[in-house]
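1. no FASTA, just this:
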């Protein structure tokens, strides 16, 4: 493995970006993101119907991430050996089974099994297309394809809010999961029929079969991964932790917004993020052609994230929720680090590189999300008010981001466009 960017080769013309191919991938990611978020929306219905405690609801949500993260490395091996079409279509069938079990479950045990199957089944919904794109399309297309996938995921997240709650109220949450099972099965069929095995063919034609034996620890010890692990944990993982939990408590406790106003502000934030992904899908390739490379775009994202976090800490009034909208434009640039990393390794191991990055990011999201909670509890135990405790915890996250950025820039290992 080297740090040299791997460019396109003639074999990459064996796949064409057709509408059915792309929609097959993006529909699966749409469903996976919706299923990741929907439990938060229907939690009151689940708690009432099945008499679940807060702890049981929390476990159901975390069970998804447990199986999702636990399979990432093996997923990378499957993608590299069997290709995106075969791997993802089989896993989506497992996710459909999980949704079907969830729809008929009457106990926490069966709900947990269902949720674990769902997490396992949708674990390839972003990594499969990313690895496919890396192997079958030229480097200049990677950022745009990545942004288009993220647009689909953000739409899935939005669909899991008011639309999902409306359907659950009208037809019941069991019918909602039965519908998801059907859609996942259809998505699996679409992948099987519309996605060719071009990526698998390229790997089988590789002149370096020894790359198939690369292990997780070997990748994690690689200088490129060592350089990006801190920023992946505290920027990419930190954003997931904030978006999926702590932005809401910040608006309530630090800014004094009510629950309705907070929900509305979060909706605006998600729409701003969606718009940022749409714009970045066109802006990033144009910037790259003008000499503003992916590496420089990501560096801008890091600095923008820190700038916005400083403003968020300094401005504490109800109107300060708008600062989270300001943060949105920097997020796509931060996420481009995953695309850059994949481009620096041979395409034969793209699956493992991408899933290793994903494993680090979700481990970071777990650590930051739990760490902020522990820090808040510790500050309150030490005598702080809740608003002071959450401010202090966010300040610690900001300090960690500044340190990780220093580490990132102090390393000599090159990334795309450094």
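-> Received, thanks. Predicted, not measured: the structure shown is a model, and the values here were computed from it.

2. you'd agree residue 359 is up against residue 73?
-> Yes - in this structure residue 359 lies within contact range of residue 73 using C-beta atoms under 8 Å: 6.4 Å. For the C-beta atoms, the positions are set from N, CA and C on the backbone; glycine is no exception.

3. between the two, who's got more neighbours?
-> residue 359 (22 against 18; other C-beta atoms under 10 Å).

4. ok, for the more buried one, nearest residue in space, not its chain neighbours?
-> In this structure, residue 359 finds its nearest non-sequential neighbour in residue 72, 4.2 Å apart by C-beta to C-beta, 6 or more residues apart in numbering.

5. kindly report the same for residue 254.
-> residue 387 (5.1 Å).

6. for that neighbour, what are phi and psi?
-> phi -70, psi -40 (degrees, to the nearest 10).

7. next, count neighbours for it.
-> So residue 387, with other C-beta under 10 Å, has 15 neighbours.

8. and it, how far from residue 357?
-> Using C-beta to C-beta, to the nearest Å, residue 387 is found at 35 Å from residue 357.

9. for residue 308, same thing?
-> In terms of C-beta to C-beta, residue 308 sits 23 Å off from residue 357.

10. who's more crowded, those two?
-> Taking neighbours as other C-beta under 10 Å, residue 308 and residue 357 compare with residue 357 leading, 25 against 19.

11. the helix or strand harbouring the more buried one packs against which elements?
-> Applying DSSP states H and E as the criterion places residue 357 in helix 350-381. Under the contact criterion of 3 or more C-beta pairs under 8 Å, 6 or more residues apart in numbering; DSSP states H and E, helix 350-381 touches helix 54-70, helix 72-82, helix 127-136, helix 216-220, helix 223-231, helix 237-241, helix 330-343, helix 386-410.

12. tilt between whichever helix or strand comes after the second one and helix 54-70?
-> Put plainly, it is helix 72-82. Later in the chain than helix 72-82, the nearest helix or strand by DSSP H and E is helix 84-104. Interaxial angle of helix 84-104 relative to helix 54-70 (axes from the mean of the first three to the mean of the last three C-alpha atoms, to 10 degrees): 170 degrees.

13. and helix 84-104, what does it pack onto?
-> Counting by 3+ C-beta pairs under 8 Å, 6+ apart, the packing neighbours recorded for helix 84-104 are helix 19-50, helix 72-82, helix 108-121, helix 127-136, helix 173-194, helix 198-204.

14. avg pLDDT for the first one?
-> Along helix 19-50, the predicted confidence averages to a pLDDT of 86.

15. just the fourth one next, same as before
-> Helix 127-136 carries an average pLDDT of 91.

16. now do the helix or strand following it against helix 19-50, angle only.
-> Downstream of helix 127-136, the first helix or strand assigned by DSSP H and E is helix 139-159. If you take the same axes, to 10 degrees, helix 139-159 sits at 30 degrees to helix 19-50.

17. distance from the helix or strand following helix 139-159 to the middle of the chain?
-> Sequence-wise, the next helix or strand downstream of helix 139-159 (DSSP H and E) is helix 162-171. On the basis of C-alpha atoms, centre = their mean, to the nearest Å, helix 162-171 sits 25 Å off its chain's mean C-alpha point.

18. so what's residue 287 closest to, chain neighbours aside?
-> Using C-beta to C-beta, 6+ apart and skipping residues adjacent in sequence, the residue nearest residue 287 is residue 297, 6.2 Å away.

19. mind listing what's buried in the helix or strand where the one you found lies?
-> Secondary structure from DSSP H and E places residue 297 in helix 294-314. Counting neighbours by 16 or more other C-beta atoms under 10 Å, one finds that the buried residues in helix 294-314 are 294-302, 304-306, 308-309, 312-313.

20. mean confidence for that helix?
-> 95.

21. okay, domains of this structure per the record?
-> 16-196, 217-413 (automatic domain parsing).

22. list the contacts for residue 238?
-> Contact analysis of residue 238 by C-beta atoms under 8 Å, 6 or more residues apart in numbering lists 364, 365, 368, 397, 400, 401.

23. any idea how far residue 244 is from it?
-> Taking C-beta to C-beta, one finds residue 238 at 11 Å from residue 244.

24. also residue 344?
-> With distances taken as C-beta to C-beta, residue 344 is found 29 Å from residue 244.

25. of those two, which one has the most company?
-> Per other C-beta under 10 Å, whichever of residue 344 and residue 244 has more neighbours is residue 344, with 20 against 17.

26. so that one touches residue 223, yeah?
-> No - the pair residue 344 / residue 223 is not scored as a contact, 10.3 Å apart, by C-beta under 8 Å.

27. residue 20: neighbour count?
-> By other C-beta under 10 Å, the residues close to residue 20 number 10.

28. quick check: it touching residue 191?
-> No - counting by C-beta under 8 Å, residue 20 does not reach residue 191; the two are 10.0 Å apart.

29. ok so, going back, ok, the contacts of residue 238 vs residue 184, which is closest?
-> residue 365 (23.6 Å; C-beta to C-beta).

30. who touches that closest one in this structure?
-> Residue 365 neighbours (C-beta under 8 Å, 6+ apart): 236, 237, 238, 240, 241, 244.

31. the last one: what's it in contact with?
-> Applying C-beta under 8 Å, 6+ apart to residue 244 gives the contacts 37, 365, 369.

32. out of the residues you listed, which is nearest to residue 329?
-> Looking across the contacts of residue 244 and measuring by C-beta to C-beta, the closest to residue 329 is residue 365, at 20.8 Å.
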